[in-house]
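Novice: All I have is the shape, not the residue letters:
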């Protein structure tokens, strides 16, 4: 799960990590008001207006504006930004509509650094990555100048050791140019320690500060905050519900998530309903292998109910781009008759206007086939997944 | 014969009174697995009722896994505990002295698994899963949620990150008359227990395994590490399939671990690495069985 920068900064602040002072705004009027308040509180006349969307690369795309003309200019800028679609390298060509802004105090930046925490699957540890190349795409740095990325891994029992933080600090040359090098070093170590603790306590899967800045006064401040949460930990973080911004999510994927289904929209025209993630991916692959294009990844899971299957099948039926449907089930825990009942129920409700190929295998396969046969629906039965894929691809070509 | 589990394996099921736990405990018992105990805190002293070959059997339920192990000499634990309590259940089983822990539970937070892996480091225990179908040695022992009837006893080792895709592969092998020595589902989470290399090592040493079928998927680099091991150490032929050739980058495909991030973990990279290691990779998931057959010696 992703959250906005301003929400990330609120979490940073709660954990004692220094962030610039700022306020979110949902309208141009609100932006003007909070800008005035901010200038009054900080005595700094310059503020930054930042578009809040769940994608990186906002600055380059024109979503971050430095405003020197006070609250009135903030209002104008906010009017121009809100409702506009921002296209960054992470949004895709259609972009993401700006619905929220963050108005923030401007700081005197001396250096921009990169600090990122992720789960290193291979080492089974949190990995801290730091680089002097702050403010740019870290993927690019990793590709072009990997030696500029410093790494430390966190032992979950010991936690971040002081020496690790110092290694990174000296590696970054954190004291360079600071009027108060001792304090700057100490602040960096503290920031990193707090960030690691935040990552663990808040169940993050990614936590990125790009850039982490050293101000001209030698202060360490998180100028950006990108947090991804580990969805698996949602059960112990009730507060996440209030952080979710549904307008940032694909509506169909969100609907699927709420129904306990795993769905990813793709570009093709063959809808798929499968049980199990591996088989669902393999089904997409085999459709492609036989010359077709999958419209979605959909895993109904191992223990789906008839209602969930109905819901899943309705999602596929109601998609305008779907020209054919392939149901591929290898029932282990999932019983074939439950799938068949769900498919029939959804089809009765919405009608079937496209070819449907069903492959059933495993538990209660005969009952499942019988339900489909007796439904009177125009269903082609398939013998194995290759047969199913070939049948749906040729049915679409014939149509 | 087999790796890791056989007809002498004695299993305690953690979470035996839950809906998934009780359903699958019955299935495992019916398959012939020696399920000797169950564990649910607060339910100690109860008897879990099941049926084996038409005859009723009772499995004693304990409050703690250590109590179960003491009373029944269970050596293997199977975890059906809900996600937020599952890491604790794994550690409880390890602490009770189980030498093998099979964690079926899906959705365990990754931070919990990082701690579990650290806690079991250097201990004499093997962890399978989580988020996996379990492990089966056909006709001897089934610990997990796979449909037992599709398996056939034989000499092909199977190892996979997926559940239903493994059933698909096993179904194809069985249809070709190629029985399985042991099938291990290592799970679809980013941080789990045994990986491909750990299981391949065991199959490599198992005198009753002739060849290995492995199913990988996008995300991480477990397949690349497996390829490295195969190239340098594997004495037996390996066939593979990698799911997710058509998966878009940056999207989690069902499994928590199935995601291409920062251009890393693509199916084509994995297939390339496996091919370079002499592994034959099935061009389509419908051809897993025949691909394995084609690499068999003689």
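Specialist: That came in fine, so what should we check first? Keep in mind the model is a prediction, meaning the values are calculated, not measured.

Novice: residues touching residue A:61, list them.
Specialist: A:86-88 (CB atoms under 8 Å, 6 or more residues apart in numbering or on different chains). Yep, even glycine has a C-beta here, placed from its N, CA and C like the rest.

Novice: May I ask you to confirm that it belongs to a strand?
Specialist: No. Assessed by DSSP: H, G, I helix; E, B strand; the rest coil, residue A:61 does not belong to a strand; its assignment is coil.

Novice: all strands for the stretch 151-300 of chain A, in order.
Specialist: Per DSSP state E, counting those that start in this stretch, the stretch 151-300 of chain A carries strands over the ranges A:204-215, A:220-222, A:226-229, A:262-265, A:270-274, A:296-299.

Novice: can you map out the strands along chain B?
Specialist: Along chain B, counting by DSSP state E, strands occupy B:10-14, B:34-39, B:47-52, B:55-62, B:76-79, B:100-103, B:126-128, B:134-137, B:141-144, B:153-160, B:180-185, B:211-217, B:238-243, B:280-281.

Novice: Which one, of the ones you listed, ends up nearest to chain A?
Specialist: Relative to chain A, the nearest member of the strands of chain B by CB to the nearest CB is strand B:238-243, separated by 4.0 Å.

Novice: thinking again about what came up before, how about the strands of chain B in a markdown table, adding mean pLDDT, mean neighbour count and distance to residue B:88?
Specialist: Shown next, in a markdown table, are those (pLDDT from 0 to 100; neighbours: other CB atoms under 10 Å in any protein chain shown; distance: least, CB to CB, whole Å):
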| stretch | mean pLDDT | mean neighbour count | distance to residue B:88 |
| --- | --- | --- | --- |
| strand B:10-14 | 98 | 29 | 10 |
| strand B:34-39 | 98 | 26 | 12 |
| strand B:47-52 | 94 | 15 | 21 |
| strand B:55-62 | 97 | 16 | 16 |
| strand B:76-79 | 98 | 30 | 10 |
| strand B:100-103 | 98 | 28 | 11 |
| strand B:126-128 | 98 | 25 | 14 |
| strand B:134-137 | 98 | 27 | 20 |
| strand B:141-144 | 97 | 26 | 20 |
| strand B:153-160 | 98 | 24 | 27 |
| strand B:180-185 | 98 | 27 | 22 |
| strand B:211-217 | 97 | 28 | 28 |
| strand B:238-243 | 98 | 28 | 31 |
| strand B:280-281 | 98 | 18 | 39 |
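
Novice: In TSV, list these along with distance to chain A.
Specialist: Formatted as TSV, the strands of chain B follow (distance: least, CB to the nearest CB, whole Å):
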stretch	distance to chain A
strand B:10-14	16
strand B:34-39	17
strand B:47-52	17
strand B:55-62	20
strand B:76-79	15
strand B:100-103	13
strand B:126-128	12
strand B:134-137	10
strand B:141-144	9
strand B:153-160	7
strand B:180-185	10
strand B:211-217	6
strand B:238-243	4
strand B:280-281	12
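
Novice: Chain B contacts on the stretch 1-150 of chain A?
Specialist: Contact residues (CB under 8 Å from any CB of the partner chain) of the stretch 1-150 of chain A with chain B: A:119, A:121-122, A:124-126, A:139, A:142.

Novice: Buried subset of these as a ChimeraX selection?
Specialist: Of the residues of the stretch 1-150 of chain A next to chain B, the buried ones go into a single ChimeraX selection, burial set by 16 or more other CB atoms under 10 Å in any protein chain shown:
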select /A:119,121,124,125,126,142
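
Novice: farthest pair in the residues of the stretch 1-150 of chain A next to chain B?
Specialist: Using CB to CB, the two most remote members of those are A:124 and A:139, lying 22.8 Å apart.

Novice: so where do the helices sit in the stretch 51-200 of chain A?
Specialist: Assigned by DSSP state H, counting those that start in this stretch, the stretch 51-200 of chain A shows helices spanning A:70-81, A:138-144, A:162-172, A:181-201.

Novice: go on, the stretch 151-298 of chain B?
Specialist: B:164-175, B:196-205, B:222-233, B:267-276, B:288-295.

Novice: highest average neighbour count across the ones you listed?
Specialist: Of all the helices of the stretch 151-298 of chain B, helix B:164-175 carries the top mean neighbour count, a mean of 26, counting by mean count of other CB atoms under 10 Å in any protein chain shown.

Novice: what's the average pLDDT for that helix?
Specialist: Regarding helix B:164-175, the rounded mean pLDDT is 95.

Novice: And for stretch A:379-398?
Specialist: 93.

Novice: Nearest to chain B: which residue in the stretch 101-250 of chain A?
Specialist: residue A:233 (3.8 Å).

Novice: and that residue, how many neighbours?
Specialist: Neighbour count for residue A:233, taken as other CB atoms under 10 Å in any protein chain shown: 22.

Novice: ok, it - contacts?
Specialist: For residue A:233, the contact set (CB under 8 Å, 6+ apart) comprises A:203, B:109-111.

Novice: Give me the secondary structure label for residue A:325.
Specialist: Looking at residue A:325 with three-state DSSP, the answer is strand.

Novice: Pick out the residue of the stretch 101-250 of chain B closest to chain A.
Specialist: Residue nearest to chain A within the stretch 101-250 of chain B (CB to the nearest CB): residue B:162, separated by 2.3 Å.

Novice: and the closest residue to that residue other than its chain neighbours, what is it in contact with?
Specialist: Leaving aside its sequence neighbours, residue B:162 sits nearest to residue A:278 (CB to CB, 6 or more residues apart in numbering or on different chains; 2.3 Å). Taking CB under 8 Å, 6+ apart, we find residue A:278 in contact with B:160-166, B:188, B:215, B:217, B:243, B:254-255, B:258.

Novice: again with residue B:254
Specialist: Neighbouring residues of residue B:254 by CB under 8 Å, 6+ apart: A:262, A:276-278, A:280-281, A:297, A:299, B:188.

Novice: same deal with residue A:120?
Specialist: A:126-127, A:153.

Novice: before we move on, the earlier item: may I see the contacts of residue A:61 arranged in a markdown table, with pLDDT and distance to residue A:392 as well?
Specialist: Shown next, in a markdown table, are the contacts of residue A:61 (pLDDT from 0 to 100; distance: CB to CB, whole Å):
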| residue | pLDDT | distance to residue A:392 |
| --- | --- | --- |
| A:86 | 93 | 38 |
| A:87 | 92 | 35 |
| A:88 | 88 | 36 |
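
Novice: nearest to chain B, of these?
Specialist: For the contacts of residue A:61, the closest approach to chain B (CB to the nearest CB) belongs to residue A:88, at 13.3 Å.

Novice: Check the contact between the closest one and residue A:60; I expect there is one.
Specialist: Yes. Counting by CB atoms under 8 Å, residue A:88 does reach residue A:60; the two are 6.9 Å apart.

Novice: can you tell me which of the helices of the stretch 51-200 of chain A the model trusts least?
Specialist: Among the helices of the stretch 51-200 of chain A, helix A:138-144 scores lowest, with a mean of 82.

Novice: quick one: contacts of it?
Specialist: By CB under 8 Å, 6+ apart, the residues outside helix A:138-144 that reach it are A:114, A:116, A:129, A:131, A:133, A:148-149, A:208, A:210, B:262-263.

Novice: quick one on the thing from earlier: what's the neighbour count on the residue of the stretch 101-250 of chain B closest to chain A?
Specialist: Neighbour count of residue B:162, defined by other CB under 10 Å: 31.

Novice: Could you do residue B:71 as well?
Specialist: Residue B:71: 13 neighbours (other CB under 10 Å).

Novice: Would you check how far apart it and chain A are?
Specialist: 30 Å (CB to the nearest CB, to the nearest Å).

Novice: Pretty sure that residue sits against residue B:37.
Specialist: Yes. Judged on CB under 8 Å, residue B:71 makes contact with residue B:37 at a distance of 7.0 Å.

Novice: For these two, list the residues in contact with both.
Specialist: Counting by CB under 8 Å, 6+ apart, the shared contacts of residue B:71 and residue B:37 are B:60, B:62.
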